[in-house]
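[1] whatever this is, show me its structure:
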Amino acid sequence: MKLSNRVLNRTLLERQHLLERSTLGVYDLCDHLIGLQAQDMLPPFVALWSRAADFDPAAVSKALDDRSLVRITLMRGTIHLVTPPDALRIAPHIQPELEKIPFRKGFNYGALVGLDPEEVRAQGESVLGDDPTPAATLREHAAALYPDRDPGAIVQAWLYQLPVLQTPPRGRWGDSSRPVWSRVQPWLGAPLDPAYPLEELLLRYLRAFGPATTMDMQTWSKLTGMKPAVAKLGDRVRTYTDDRGRTLYDAADADLADPDLPAPVRLLGWYDNAILSHQDRTRIVPDGNAPPLRAFANQVSPILVDGYLTGVYKVFAKGGVASLRISPSVEWSRADREAVEAEALALLAFSEPDRQPVVEILEIGADLRP
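    Numbering: from 1, shown residues only. This next block holds a predicted model:
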């Protein structure tokens, strides 16, 4: 069966809870979505606000404090907000690749060339110990242990080599404190679970992002071995083809969305996984090219109109005013512009409640900078 781009779009949006806000709590949403991109403080909150009805950001802060959610480096080597079970069972798949990064010649211009990886790892385990450690403290230890090396590179190596996570206060609502790091087992009171099969992780990916090709799965996870893992799922998956004849896999019991379903305007956070989790992004980005990562790094975020990325926005907060500036990439109808403005005002009411909201819709392709 061939699936149109429109079916793939509406199915992705439905599985991402972007067609209708969900009544699930933050734990269950994070579980279903296999975590939320959380490189910075705000994006996971915007991700949840755009997906959850009556979302209270205090629920995330509380979950971080009581350890029912954690911030850890997982898919694509980036920080995700996930449930503890996912931290323990996904990390063993990701960790071997992370550990290779620091001792490549290109890492920090060869800053660690000549060092023994196992000796560096042992020093990191000793420095981190069993208690959360601020990044600044890690740097001080690195400078003392390796006086002839860049201490920042040593700290980065430890954070790649060791299963670690970020502890509060970073990640709480409104708190952009510098990271405090802990080894996973002392914080969660349990060891990593290396027995979790890759195929089970991929089946969950399909339930949240599918139907998808094996290259989509690899783009999302940055892992290899997709085809053998999918083969192990047997009749738990079914196959389709897309408009270009590529094989799409999906959970056998998962439903496809009606392509005629309306898709409300959604403002996402920068680095949102709905945009970044497929090799072929045409199901949500009309030309297949999302804004470059360097744009997201500047807190530029996607706007979905009729289910597709057709604009970006950025919030500029100064003094008593919060200005949300919007740059469309296509011509919007009057109704679309009104819907975008309404959703933008709602986002400012959520994210900047103490500032006067201002929404500016600029010309197509305009620079977001004031």
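
[2] contacts for stretch 165-182 next, please.
    38, 40-41, 44-45, 57-58, 60-61, 64-65, 70-73, 79, 81, 87, 128, 131-136, 138, 159, 164, 184, 187 (Cβ atoms under 8 Å, 6 or more residues apart in numbering). The C-beta positions use only the backbone N, C-alpha and C, and glycine is treated the same way.

[3] could you redo the last one with a cut-off of 7 Å?
    38, 41, 45, 57-58, 60-61, 64-65, 70-72, 79, 87, 128, 132-135, 138, 159, 164, 184, 187 (Cβ atoms under 7 Å, 6 or more residues apart in numbering).

[4] endpoints of stretch 222-229, how far apart?
    Stretch 222-229 has its terminal residues 14 Å apart, counting by Cα to Cα, to the nearest Å.

[5] could you do stretch 175-185 as well?
    By Cα to Cα, the extent of stretch 175-185 from end to end equals 25 Å.

[6] state which strand of the chain is the longest.
    Secondary structure of the chain per DSSP state E: the longest strand is strand 308-318.

[7] buried residues in that one?
    308-315 (16 or more other Cβ atoms under 10 Å).

[8] what comes up buried for the helix or strand following that strand?
    Moving toward the C-terminus from strand 308-318, the next helix or strand (DSSP states H and E) is strand 321-328. Within strand 321-328, the residues scored as buried using 16+ other Cβ under 10 Å are 322-328.

[9] swap in stretch 148-158?
    Under 16+ other Cβ under 10 Å, the buried positions of stretch 148-158 are 149-151, 153-158.

[10] restricted to strands, list those residues.
    Among the buried residues of stretch 148-158, no member falls in strands (DSSP E).

[11] which non-adjacent residue is nearest residue 297?
    Leaving aside its chain neighbours, residue 297 sits nearest to residue 270 (7.7 Å; criterion: Cβ to Cβ, 6 or more residues apart in numbering).

[12] and that neighbour, how far from residue 36?
    For residue 270, the distance to residue 36 equals 12 Å [Cβ to Cβ, to the nearest Å].

[13] re earlier: quick one: which of the contacts of stretch 165-182 sit in strands?
    70-72, 79, 133-134, 164.

[14] burial check on residue 136, number of neighbours?
    11 (other Cβ atoms under 10 Å).

[15] where does it land on pLDDT?
    The model reports residue 136 with a pLDDT of 95.

[16] what are the contacting residues of stretch 191-198?
    So stretch 191-198 is contacted by 88-89, 91-93, 163, 184-185, 225, 229 (Cβ under 7 Å, 6+ apart).

[17] any buried residues in it, and which?
    192, 196, 198.

[18] what does stretch 216-226 give?
    So for stretch 216-226, counting by 16+ other Cβ under 10 Å, buried means 216-221, 223, 226.

[19] please work out the average pLDDT along that stretch.
    96.

[20] average pLDDT for the helix or strand harbouring residue 338?
    Using DSSP H and E, residue 338 falls within helix 334-351. The average pLDDT for helix 334-351 rounds to 98.

[21] I'd like the next helix or strand past it.
    strand 356-361.

[22] just list what that next one packs against, helices and strands only.
    strand 321-328, helix 334-351 (3 or more Cβ pairs under 7 Å, 6 or more residues apart in numbering; DSSP states H and E).

[23] now the helices for the stretch 101-250 of the chain?
    Secondary structure of the stretch 101-250 of the chain (DSSP state H, counting those that start in this stretch): helices at 117-128, 135-145, 151-161, 184-188, 198-209, 214-221, 226-232.

[24] can you lay out those helices as CSV showing distance to residue 299?
    Listed next are the helices of the stretch 101-250 of the chain as CSV, based on distance: least, Cβ to Cβ, whole Å:
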stretch, distance to residue 299
helix 117-128, 30
helix 135-145, 21
helix 151-161, 23
helix 184-188, 29
helix 198-209, 24
helix 214-221, 23
helix 226-232, 32
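
[25] quick one, which of those is nearest to residue 259?
    helix 198-209 (17.5 Å; Cβ to Cβ).

[26] any buried residues in the closest one, and which?
    Quick answer for helix 198-209 (16+ other Cβ under 10 Å): 198-199, 201-209.

[27] with distance to residue 370 added, can I get those in CSV?
    Output for those, formatted as CSV (distance: Cβ to Cβ, whole Å):
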residue, distance to residue 370
198, 47
199, 49
201, 43
202, 44
203, 46
204, 42
205, 39
206, 42
207, 42
208, 37
209, 35
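
[28] and of these, the nearest to residue 5?
    Among those, and counting by Cβ to Cβ, the member closest to residue 5 is residue 209, at 15.2 Å.

[29] was I right about that closest one contacting residue 277?
    Yes. Residue 209 is in contact with residue 277 according to Cβ atoms under 7 Å; the separation is 5.2 Å.

[30] need the overlap of contacts for the two.
    Common neighbours of residue 209 and residue 277 (Cβ under 7 Å, 6+ apart) are residue 220.

[31] can you pull the poorly scored residue ranges out of the stretch 101-250 of the chain?
    For the stretch 101-250 of the chain, no stretch is flagged by pLDDT under 70.

[32] how about the contacts made by residue 332?
    Counted by Cβ under 7 Å, 6+ apart, residue 332 has contacts 305, 340.
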